[in-house]
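Trainee: Sequence first, then the predicted structure, then my questions.
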Amino acid sequence: MNKKKAQTLILFVVLSLAGGSLIGVFSAPGSWYAELEKPAFNPPNWVFGPVWTVLYVLIGIAGARVWFLDRSGPLVRIWFVQMALNYLWPLVFFAARRPDLALPVLLAMLVAILSFIVLAWRRERPSALLFLPYLAWVSFAGLLNAAIWQLNSA
């Protein structure tokens with residue numbers, strides 16, 4: 001890998017991590033989330049940080065790979081759409097305290113993630129594979145979001 005590609009790769013990973021961290025600052029769960037009734041399968045809070053750190057690294061690597069393939073192609077556009085939805089979800093769920101409105105955002109994110117995987121499968125399979133853990137975690141997050149909404153709607 002040449003220097004320019006290495007710098008681009010690092011930039012995508014740093015932007016993914018930094019964006020996620022910044023959104024985390026603006027949408028910290030706080031006491032509102034702590035007081036919500038949660039399903040039995042809700043993981044402990046300490047799990048979320050390490051999981052998202054790994055996922056953002058994988059997402060950043062996949063983003064750089066599709067950028068190298070075709071900067072204006074559909075994979076890059078879908079990558080940016082899923083990233084925008086990824087950053088929007090915690091703002092809606094935690095900052096706005098609206099699990100009901102966060103669920104459609106999460107479902108749109110799942111569609112974008114699946115679209116990325118399907119389109120990348122033939123053209124850039126390593127990127128598709130890098131998105132599989134992300135798909136699994138966001139699917140789990142969808143179940144968690146739905147359960148929290150159901151348990152706390154009056």
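Mentor: That came through, no problem. Numbering: from 1, shown residues only.
Trainee: OK, contacts around residue 121?
Mentor: By Cβ atoms under 8 Å, 6 or more residues apart in numbering, the contact set of residue 121 is residue 128. Glycine gets a C-beta too; all of them are placed from N, C-alpha and C.
Trainee: That one and residue 114: what is the separation?
Mentor: Per Cβ to Cβ, to the nearest Å, residue 121 is found 11 Å from residue 114.
Trainee: Just give the closest residue to the spatially most central residue of the chain, not the sequence neighbours.
Mentor: The residue lying closest to the centre of the chain (Cα atoms, centre = their mean) is residue 86, at 4.2 Å. In space, and not counting its chain neighbours, residue 86 is closest to residue 109: 6.0 Å by Cβ to Cβ, 6 or more residues apart in numbering.
Trainee: Show the pLDDT at the one you found.
Mentor: pLDDT, residue 109: 98.
Trainee: Next: residue 154.
Mentor: For residue 154, the predicted pLDDT is 68.
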